[in-house]
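Novice: fold the following and give me the result.
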Amino acid sequence: MEKRIAEMKDLKVGRYVMIDNEPCRVSSVTHSKPGKHGGAKARIDAVGIFDGQKRSLMGPVSQRVEIPIVNKKTAQVLNIIGDRIQLMDMENYETFELEKPSDMDISEGASIIYVEIMGRRKILKLQ
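Specialist: Residues are numbered from 1 along each chain as shown. This is a model prediction of the structure:
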């Protein structure tokens with residue numbers, strides 16, 4: 001598995017974190033002050049990259065969390081078949097298929113940016 005370890009205090013909005021074994025993008029970070037009998041706490045709210053589900057993580061700021069390694073790559077659209085898109089990676093010329101995002105108007109020959117996280121891929125945007 002491609003992951004790194006970081007502390008909760010190091011997380012920032014827009015970065016990635018693993019919550020419930022799902023890669024998520026951090027949407028908000030809240031820190032509380034240390035109390036009389038305890039250390040500072042952090043609350044991380046994030047949205048799953050592949051499923052869009054909201055997740056939260058709470059704990060001490062020194063708690064270790066897993067950070068997925070995110071590879072952003074470009075690809076060219078070769079063919080569109082129903083709700084599937086056939087793509088070719090522009091670095092190694094590998095061809096693969098992904099599900100077509102419903103909110104994007106993608107045509108054949110277009111260049112797109114996609115992410116690869118832990119062996120899974122998702123289209124981010126048109127280039």
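
Novice: ok, now how distant is the most centrally placed residue in the chain from residue 12?
Specialist: Geometric centre of the chain, nearest residue: residue 49, 4.3 Å, by CA atoms, centre = their mean. Residue 49 is 16 Å from residue 12, where distance means CB to CB, to the nearest Å. (C-beta placed from N, C-alpha, C; glycine too.)

Novice: state the distance spanning the first to the last residue of stretch 107-118.
Specialist: Terminal residues of stretch 107-118 lie 27 Å apart, using CA to CA, to the nearest Å.

Novice: and that stretch, how far from the chain's centre?
Specialist: Chain-centre distance of stretch 107-118: 14 Å, with CA atoms, centre = their mean, to the nearest Å.

Novice: where does pLDDT dip in the chain?
Specialist: 1-2 (pLDDT under 70).

Novice: tell me how far the most far-flung residue of it relative to its centre lies from residue 85.
Specialist: What lies farthest from the middle of the chain is residue 36; by CA atoms, centre = their mean that is 36.8 Å. According to CB to CB, residue 36 and residue 85 sit 57 Å apart.

Novice: nearest spatial neighbour of residue 80, skipping sequence neighbours?
Specialist: Among residues not flanking residue 80 along the chain, residue 108 sits closest, at 6.1 Å (CB to CB, 6 or more residues apart in numbering).

Novice: ok, then the element right after whatever helix or strand residue 85 lives in?
Specialist: Here residue 85 sits within strand 84-89, counting by DSSP states H and E. Counting by DSSP H and E, the element after strand 84-89 in chain order, helix or strand, is strand 95-99.
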